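**Student:** pasting the sequence and the predicted coordinates here, then a few questions.
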Amino acid sequence: MNSFIRRGRNGLLAAATAAVLVIAPTMSANAATAVEPTVGSDKPLYLVSPEDGSLYPEGTSILWGAAVAAAPTPGDEEYDSPWIRPAGADQMRQFISPRGQERNINAWNAYASLGNPATNLIPDVSGFGNTTAGLGTPSGAAAVAIAGGKYSLGVAYIHQDTTTVVEVNYTYIEVTANSNPSLATYTWDVPEVQVPDSAPAITTQPASATVNPGASATFTAAADGKPVPSVQWQSNAGSGWADVAGATNASLTVSNTTLAQSGTQYRAVFTNTLGSVTTDAATLTVAPVAPSKPTTGESDIADPAKGAQSVTIPAGVAAAQTVQVWNWAGAAAQPANLGQAVVDADGNVVVDIHDLAKFPAGLNTVAFTLAGDSSFTVTSWTSFTKLSGTGDPLTDTADVVATVTASDLWALEATESVIDFGNVARNATATASLGKVTVIDDRNELKGWNLDATWGDFVKAGTTDTIAASNLTVAPKFFAGYNAIAGITVGSGAHIAESTPVSTLPSGALFDAALAFKAPVTAQAGEYHSTLTLTLTTK
Amino acid sequence: MKSKKVLALGAATAVALVGAFAAAPAYADPITDGYSIVGSDTLQDAVGALANGTTITGSSVKLKGAGKSLGSWDAFTLGVSGGVGKIQAKAYGPVFDRPNGSGAGRTSLLRSIGYSGSTVYNGVDVAGQVDFARTSSKGTSVSGGVLTYVPFGQDAISFISEVGADSDGDGDAAAAAAWVASLTKAELTSIYQSTSAAPVAVPGTDYVVKPLGLQSSSGTWTTFLTKIGVTTIGTGVDTRSNSIPENDGAQLTAGANEIQIVPVSAANYVGQVNGAARINTMAGVTLGSIDGVAPATGSAPNLVPNPTFYNSADWGRTVFIVVPTAKITPGASFDQGTSDLVNTNSTVSLTYWGTSNAPGTSKAVKLKFGFAQPVDAAFTANN
């Protein structure tokens, strides 16, 4: 069994440290929800640490009253990326506004002056720092914290006389309401790094292609650029370049090529708002590289017997000529080139068919062309069915017997007996590991099981001071390195794990949990104890 | 018949209005809906900049506490006879004597919280009118005291000097200037014990030294005298009827063959010559080294405190922000905004001195004003 010990911090300014700058998220499924991407800001606004200018990561949350700085770059650790006052502005402000109302000063919820500097390095834009209540609803920074919800937070350069916004830079925030504004928190959107626009630049030139008549040729090109460039393929069959209708993708496929198309050139033109660039030309060559599958004039020969090593086929040309041997296996459209052979004295070619890779079982269509004939005219051809050389399928039966044994073990072990969170300041969260918990269920009769944790309020010895049990959160997980057996699953919160009827094996199923303890702002300092009980029950 | 009525009301009303103005503040200090801070003038320029907002570090820095602003009142009203005058701190609040130094600031804060049963400060009920005090001197450390002193920064005490004209043309002004640029503690002691009949003479010249004394409620003055071991000042010390304000180089008006010196806060000297303070009164005066150690190094506008001088027990002093303990401790009187403004972990509190070198912190502002990392720790007191 485990117990928890918490030591409070004694000290003069313990209360003064309650305003923690940033709360790290507890590991729960809800932390994955991101704030939607900011829309409409003149420049991206990044929230950074006021202590060192480093970018605050997405998913963390900030207290409404905590100092937080804003930069136009994702971090400003050199303190050399200031906000720059645009022409026509005579005051800079921090502000909170409803989304979509960032340019409407009369709709802002709250704001405060940041002076009128020509440049401003990582100014503070804390929620509660917006000390002037705006005309929008809710009105005032405290009201926003109490109401919660979705807003924009940022900086604006204004022209005071005409109450107009010259430039506004902001990020979307989501405020978690709290009746005490100082305890409200918010998360925010980290803008994507802004990549400047660029004219298109070719990254992939199209390659020339040589294909058989009737086959397809594909040309592919690519270009960088921002905005993403559009593509238009062009062709030139000898009388100049012209667009290929509808060819507006990165790849162009020319189907059912004919000999007449051979020599046609293709190129792609990439265009965006900043300009246009054209690839080199790629040439389509359509030329026979293999004979077309013959359909008429077959030389009729008998199918080879099962296990025959060769078949004799009339060559269609005179003896001692060298022919190219082609085979279409099954229904293949393109033949395999099987090399050359010499026509024997009888005008035949003896083709070795024992190689299953070249002559698989089933229909084979063999054709000859004269070696060196680039028109690949078929001189003679035949088709035959080859029987399998390896024999017919065999069947045999065997009685397979196995006796399942089990250790009949049923056990629960936990490594840690004491979990000490150490010193925890008020409003801070301390984390600790539950430690390895082993469940062994190798009973003869499997039924499945549940593993649950319970714990009571934390009590300070000798007093009635308590901290509610709800200040401890548990996030169960598998122990590091343990590979779960199917059917064993991790739960959430106090329900650590469960299993369907499956053995954990005597080595057991290993679990751990991330414990988080948050000290309330109202807690008296001192050492608190609670006891956590793990219970394994069969289903 | 028409009757004629004479409007005699106008004249009577005018007289009544003149009478009512007599109790009003001498000139228009602003009031605050938020927090108020009064007291020592050693910290007033730096605290004023932090309260009103400053861009001197390249970043906008203005301190706020739980959504409320801070209003800072100077210790001294220039141009008003006696320099004190009156202030009104909060909306609809009473008009009361301007607390003109560390001691007065802490007293007005104690009365504001009704310590020892009274909320009356110089005849006026100031309950709730003062939230913080600036102080360059310390109360007596007591466990569980009603006031908490939180370190604001490190300052040091030195002196400034001005060398008068060489009336007899014997060319000894340079030697006089060289001598007074660095004095020993023993020399300062004898200067401030000298009599008007026998002032301290500058060796090898016919110059004499005329020491000036700061007004009596000044923490800088009382600390300086303690540091040089003087309990009774000599008759040679000119206090100009207890009217000389701190940190004002224009007070030095050396006559012919005369050197005038006066104690000064080294931080204020640095802040003024760096251009951080509102005005620079230090043109034509020299910051003195003591026992061979200079209080600051570098040159304007980037003069920096010298840690050897600032951290020495002899001349260094930690200056503090004083706040009622109950307001920063969990309990019925806890106030989030008060606590935020003295939260040493917050980069935008009065008391931040973390490791950051970022321009948007109160530390960066305080460095510009000549303060350094504080040496003393926080403590509580009842005075």
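**Tutor:** Here it is on my side, so go on.
**Student:** okay but A:Ala247 is in contact with A:Ser230, surely?
**Tutor:** No - between A:Ala247 and A:Ser230 there is no contact under Cβ atoms under 8 Å: 11.6 Å. Glycine gets a C-beta too; all of them are placed from N, C-alpha and C.
**Student:** am I right that A:Gly263 sits in a helix?
**Tutor:** No - secondary structure assignment (DSSP: H, G, I helix; E, B strand; the rest coil) places A:Gly263 in coil, not in a helix.
**Student:** quick one: pLDDT of it?
**Tutor:** You'll see A:Gly263 listed with a pLDDT of 95.
**Student:** doesn't A:Gly238 make contact with it?
**Tutor:** Yes - between A:Gly263 and A:Gly238 there is a contact under Cβ under 8 Å: 7.4 Å.
**Student:** more crowded one of these two?
**Tutor:** A:Gly263 (13 against 7; other Cβ atoms under 10 Å in any protein chain shown).
**Student:** quick check: residues of the stretch 101-250 of chain B near chain A?
**Tutor:** With the criterion set to Cβ under 8 Å from any Cβ of the partner chain, the stretch 101-250 of chain B comes near chain A through B:148, B:150.
**Student:** tell me which residue of the stretch 101-250 of chain B lies closest to chain A.
**Tutor:** B:Thr148 (7.0 Å; Cβ to the nearest Cβ).
**Student:** quick check: beta-bridge partners of that residue?
**Tutor:** According to DSSP bridges, the partner residues bridging B:Thr148 are B:Val323, B:Thr380.
**Student:** and the residue nearest to the spatial centre of chain B, how far from B:Gln251?
**Tutor:** The centroid of chain B falls nearest to B:Asp41 when counting by Cα atoms, centre = their mean (1.4 Å). Separation of B:Asp41 from B:Gln251 (Cβ to Cβ, to the nearest Å): 13 Å.
**Student:** quick check: neighbours shared by the two?
**Tutor:** Taking Cβ atoms under 8 Å, 6 or more residues apart in numbering or on different chains as the contact rule, B:Asp41 and B:Gln251 both touch B:Pro245.
**Student:** so A:Pro117 is in contact with A:Met92, correct?
**Tutor:** Yes - look at A:Pro117 against A:Met92 with Cβ under 8 Å: they come within range, at 6.9 Å.
**Student:** which intervals of the stretch 251-383 of chain B have sub-threshold pLDDT?
**Tutor:** For the stretch 251-383 of chain B, applying pLDDT under 70 flags no range at all.
**Student:** how about the residues of it near chain A?
**Tutor:** So the stretch 251-383 of chain B meets chain A at B:328-330, B:334, B:336, B:339-340, B:342-348, B:354-361, B:378-380 (Cβ under 8 Å from any Cβ).
**Student:** buried subset of those?
**Tutor:** Listed as buried from those are B:328-330, B:336, B:339-340, B:342-348, B:354, B:356, B:358-361, B:378-380; burial here means 16 or more other Cβ atoms under 10 Å in any protein chain shown.
**Student:** could you tell me which of these belong to strands?
**Tutor:** B:379-380 (DSSP state E).
**Student:** I'd guess B:Thr220 is in a helix, am I close?
**Tutor:** Yes - counting by three-state DSSP, B:Thr220 is part of a helix.
**Student:** is it true that it touches B:Ser265?
**Tutor:** Yes - if you go by Cβ under 8 Å, B:Thr220 and B:Ser265 touch, sitting 5.4 Å apart.
**Student:** next up, the contacts around the residue of the stretch 251-400 of chain A found nearest chain B.
**Tutor:** Relative to chain B, the nearest point of the stretch 251-400 of chain A is A:Leu274 (35.1 Å; Cβ to the nearest Cβ). By Cβ under 8 Å, 6+ apart, A:Leu274 lies in contact with A:197-200, A:225.
**Student:** among those residues, which one has the lowest pLDDT?
**Tutor:** Out of the contacts of A:Leu274, that is A:Asp197, at 85.
**Student:** give me the spatial nearest neighbour of that residue, chain neighbours excluded.
**Tutor:** In this structure, A:Asp197 finds its nearest non-sequential neighbour in A:Lys226, 4.9 Å apart by Cβ to Cβ, 6 or more residues apart in numbering or on different chains.
**Student:** around the one you found, how many other residues sit close by?
**Tutor:** 14.
**Student:** distance check, it against A:Thr171.
**Tutor:** A:Lys226 is 22 Å from A:Thr171, by Cβ to Cβ.
**Student:** hang on, isn't A:Asn178 packed against A:Ile146?
**Tutor:** Yes - counting by Cβ under 8 Å, A:Ile146 is a contact partner of A:Asn178 at 7.2 Å.
**Student:** show me what the residue nearest to A:Asp197 is bridged to.
**Tutor:** Beta-bridge partners of A:Lys226, as defined by DSSP bridges: A:Ser198.
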